[in-house]
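A.B. asks: Generate a structure from the sequence data that follows.
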Amino acid sequence: MLKRLAASAAIGTAVALGCGVLVVAPASTAAAANCRSWGTTGTSGDIAGAYTHGEKCELDSGRIQIDVTIEDTKADGKGACAQLHATYADGGTRDEWVYVAGVGNTTSKTYTYASSVRNIWVREGLGNGGKCTTMAKGVHTIWQ
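C.D. replies: The predicted model follows:
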């Protein structure tokens, strides 16, 4: 009986440790071949009142994953937004918009692009009611 309890405890510990490893490992790590951080601070895509940053990953499938986080950094009654613009090999384009309102509030999104994407840039903006009305004068390229 004592041997059975010791064996059960050892198996339980091994299972618990094994599960802990599975829980801790990030899901995207296995699928991402190359990831790097990016941010708009100090670039031509930057505007006062917004803070946009994230990570760009080239997935093993050849697709590109862009993680973006935006924060409203100024108590000015305006929300913060970011525009991600992608251009594809065939000349097609895709725009994604991320919006957050309320100083200190953040929101995060993840977008995946086909392997034929050739360029992705971002620019920050300010607005009201979920719409961007004033955009940064330039853009910041995050994938090329």
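A.B. asks: need the strands for this protein, in chain order.
C.D. replies: 32-39, 50-59, 64-72, 79-88, 93-100, 106-113, 117-128, 131-135, 140-143 (DSSP state E).
A.B. asks: Report the contact partners of the residue most central in space within the chain.
C.D. replies: Central residue of the chain (C-alpha atoms, centre = their mean): Asp67, 1.4 Å from the mean position. The contact partners of Asp67, by C-beta atoms under 8 Å, 6 or more residues apart in numbering, come to 54-57, 108-110. Just so you know, the C-beta spots here come from the backbone N, C-alpha and C atoms, and that holds for glycine as well.
A.B. asks: Just among those residues, which is most surrounded?
C.D. replies: When neighbours are counted by other C-beta atoms under 10 Å, Gly54 leads the contacts of Asp67 with 24 neighbours.
A.B. asks: Format the strands of the chain as a markdown table; extra columns: mean pLDDT.
C.D. replies: Converted to a markdown table, those look like this (pLDDT from 0 to 100):
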| stretch | mean pLDDT |
| --- | --- |
| strand 32-39 | 88 |
| strand 50-59 | 97 |
| strand 64-72 | 98 |
| strand 79-88 | 98 |
| strand 93-100 | 98 |
| strand 106-113 | 98 |
| strand 117-128 | 98 |
| strand 131-135 | 96 |
| strand 140-143 | 97 |
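A.B. asks: If you count neighbours, what's buried in stretch 35-54?
C.D. replies: 38-40, 43, 45-47, 49-54 (16 or more other C-beta atoms under 10 Å).
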